[in-house]
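Colleague: pasting the sequence and the predicted model now:
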Amino acid sequence: MKNKPVTLKNIADDLKISITTVSFVLNGKSKEKNISEQLTAKVLDYAKKINYKPNQLAQSLRTGKSNILVFMVEDISNSFFCKLARIFEDFIYKEGYRVIFCSNDNDDEKSRELIDLFTYRQVDGFIIVPSPGIRSTIENLIKQNIPVILLDRYFEELECNVVTINNKQASFDATAHLIGNGFKNIGFITTDSNQSQMQDRLSGYRKAISYFGLNSTILSIPYNEMQQDKGQVKQFLSENTALDAVFFATNYLAQRGLEVLKEDNYSLIDRIGIISFDDHEMFNIYPITITCISQPMEKICSKLMEIMLVLLNSKDVLESTNKCILKSELIIRESTVKRFVKNTKDSFLFNKVL
């Protein structure tokens with residue numbers, strides 16, 4: 001039979017003292033309440049002896065704080081998000097907070113369900129990579145004076161703290177890098193999304209293509225379809241044989257694209273330019289290492305913690321709002337080195353210029 005948890009009343013009864021005295025001692029208020037050192041030591045020693053653990057829910061109801069934060073991302077198994085979560089956990093742990101991680105799968109219903117659950121459980125704050133249709137849910141959290149930071153993407157004209165990167169400029173610079181290295185027919189593969197980060201990446205690509213007088217070639221794939229198969233990427237590459245480079249708007253899209261190239265025409269990996277938004281371990285160990293836009297994870301987490309600690313100690317979460325846009329880094333690898341076309345029947349045949 002499972003033992004019942006020890007309560008403050010049990011300790012009080014065993015030591016023949018009041019529940020209030022036990023509570024004051026265990027909450028570090030002995031000096032404030034003029035409780036003797038001898039009695040304080042007696043209570044603490046006994047609590048340790050019986051392995052007393054406070055009821056966290058009751059404690060949070062009493063103090064209004066749980067010291068628990070929620071870190072909600074699109075997909076915690078994605079290498080970018082799981083690394084970010086790990087770094088943030090290490091940072092915030094030193095400040096006395098614990099973190100609950102969860103995935104919303106970019107699904108509005110799941111996002112709302114999780115937010116409602118954790119709000120009911122009285123967590124202290126939320127860091128959220130929002131799905132596209134939960135603006136009103138975020139707005140409601142703010143109205144309840146609950147600390148919220150939006151990560152990676154945001155809602156226009158919603159007054160809320162945001163930490164993101166310079167998606168538009170990063171995408172422009174990556175496209176310009178390809179053009180500067182001799183690539184003229186650059187395809188862009190992205191998700192079919194109106195979310196801010198994806199729109200900014202698409203906008204940066206289009207701006208660079210237009211600036212240099214080239215033609216854009218774009219494939220937009222619904223998020224849920226991208227998770228199911230690689231058919232649209234395969235069709236896009238087979239129908240656009242003039243492409244000499246491909247820019248993938250996320251690392252999971254780049255993974256799918258590399259899988260297609262490996263399955264259908266492995267030699268193309270050595271012949272076309274490839275850039276991915278967000279790095280991945282595999283990109284640095286591929287036979288042709290993959291150029292990528294790398295987000296500054298430690299800076300992102302440091303800024304998240306900085307803003308969250310301010311919010312947690314503020315009486316009004318709208319006292320000050322901060323839209324923090326951090327700078328990314330273009331990591332240049334072998335997949336975008338300068339190349340030239342030889343006089344051959346194979347329009348995809350490129351050689352590296354040494």
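Modeller: Perfect, I can see it now. Residues are numbered from 1 along each chain as shown.
Colleague: correct me, but E329 touches K299?
Modeller: No - counting by C-beta atoms under 8 Å, E329 does not reach K299; the two are 10.5 Å apart. To be clear about C-beta, it is placed using only N, CA and C from the backbone, and glycine gets the same treatment.
Colleague: which residue ranges of the chain form strands?
Modeller: All strands of the chain, identified by DSSP state E, fall at 68-73, 98-103, 125-128, 148-151, 161-165, 186-191, 217-221, 245-248, 273-277, 291-294, 323-326, 329-331, 339-341, 350-352.
Colleague: which parts of stretch 147-162 are buried?
Modeller: Within stretch 147-162, the residues that qualify as buried by neighbour count (16 or more other C-beta atoms under 10 Å) are 147-155, 160-162.
Colleague: quick one: low-confidence parts of the stretch 251-354 of the chain?
Modeller: 266-267, 339-354 (pLDDT under 70).
Colleague: 90 instead?
Modeller: 252, 255-271, 280-282, 284-288, 315, 318-322, 337-354 (pLDDT under 90).
Colleague: how about the residue minimising distance to the centre of the chain: what's its closest non-neighbour residue?
Modeller: The structure's the chain has its C-alpha centroid closest to F81; by C-alpha atoms, centre = their mean the separation is 4.3 Å. Using C-beta to C-beta, 6 or more residues apart in numbering and skipping residues adjacent in sequence, the residue nearest F81 is V73, 4.1 Å away.
Colleague: how much space between that neighbour and T250?
Modeller: Separation of V73 from T250 (C-beta to C-beta, to the nearest Å): 13 Å.
Colleague: touching both of E329 and K299, which residues are there?
Modeller: Common neighbours of E329 and K299 are not found (criterion: C-beta atoms under 8 Å, 6 or more residues apart in numbering).
Colleague: how about the helices in this structure?
Modeller: 8-15, 19-26, 37-49, 56-63, 79-93, 108-120, 135-143, 167-180, 196-211, 223-228, 231-239, 251-264, 297-312 (DSSP state H).
Colleague: buried residues in the first one, which are they?
Modeller: Neighbour counts using 16+ other C-beta under 10 Å place 8, 11-12 of helix 8-15 among the buried residues.
Colleague: who are the packing partners of that helix?
Modeller: helix 19-26, helix 37-49 (3 or more C-beta pairs under 8 Å, 6 or more residues apart in numbering; DSSP states H and E).
Colleague: need the contact list for the nearest residue to K323 once chain neighbours are set aside.
Modeller: In space, and not counting its chain neighbours, K323 is closest to V162: 4.5 Å by C-beta to C-beta, 6+ apart. By C-beta under 8 Å, 6+ apart, V162 lies in contact with 149-151, 154, 322-324.
Colleague: could you dump those residues to CSV with distance to F126?
Modeller: As requested, the contacts of V162 are exported to CSV (distance: C-beta to C-beta, whole Å):
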residue, distance to F126
I149, 7
L150, 9
L151, 10
Y154, 14
N322, 16
K323, 17
C324, 16
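Colleague: going by distance to D316, which of these wins?
Modeller: Taking C-beta to C-beta as the measure, D316 lies nearest N322 of the contacts of V162, at 14.2 Å.
Colleague: that closest one contacts I307, doesn't it?
Modeller: Yes - using C-beta under 8 Å, N322 is in contact with I307, at 5.8 Å.
Colleague: between the two, which one's more packed in?
Modeller: A count of neighbours by other C-beta atoms under 10 Å puts I307 above the other of N322 and I307, at 21 against 14.
Colleague: would you single out the least confident of the helices of the chain?
Modeller: Mean pLDDT values for these show the minimum at helix 56-63, a mean of 50.
Colleague: shouldn't I142 be in contact with D316?
Modeller: No - counting by C-beta under 8 Å, I142 stays clear of D316, with 10.0 Å between them.
Colleague: what's the burial count for F91?
Modeller: 18.
Colleague: check contacts around it.
Modeller: 301-302, 304-305.
Colleague: any chance of those residues in TSV, with distance to S111 too?
Modeller: As requested, the contacts of F91 are arranged in TSV below (distance: C-beta to C-beta, whole Å):
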residue	distance to S111
C301	22
S302	26
L304	18
M305	23
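Colleague: farthest pair in those residues?
Modeller: Those two in those that are separated most widely, counting by C-beta to C-beta, are S302 and L304, at 7.3 Å.
Colleague: between those two, which one's more packed in?
Modeller: More crowded of S302 and L304, by other C-beta under 10 Å: L304, with 23 against 16.
Colleague: residues contacting the more buried one?
Modeller: Neighbours of L304 in contact, by C-beta under 8 Å, 6+ apart: 88, 91, 127, 149, 151, 163.
Colleague: rerun at 6 Å
Modeller: 88, 127, 149, 163 (C-beta atoms under 6 Å, 6 or more residues apart in numbering).
Colleague: rebuild these as JSON lines, extending it with distance to I19.
Modeller: Shown next, in JSON lines, are these (distance: C-beta to C-beta, whole Å):
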{"residue": "F88", "distance to I19": "38"}
{"residue": "I127", "distance to I19": "37"}
{"residue": "I149", "distance to I19": "39"}
{"residue": "V163", "distance to I19": "44"}
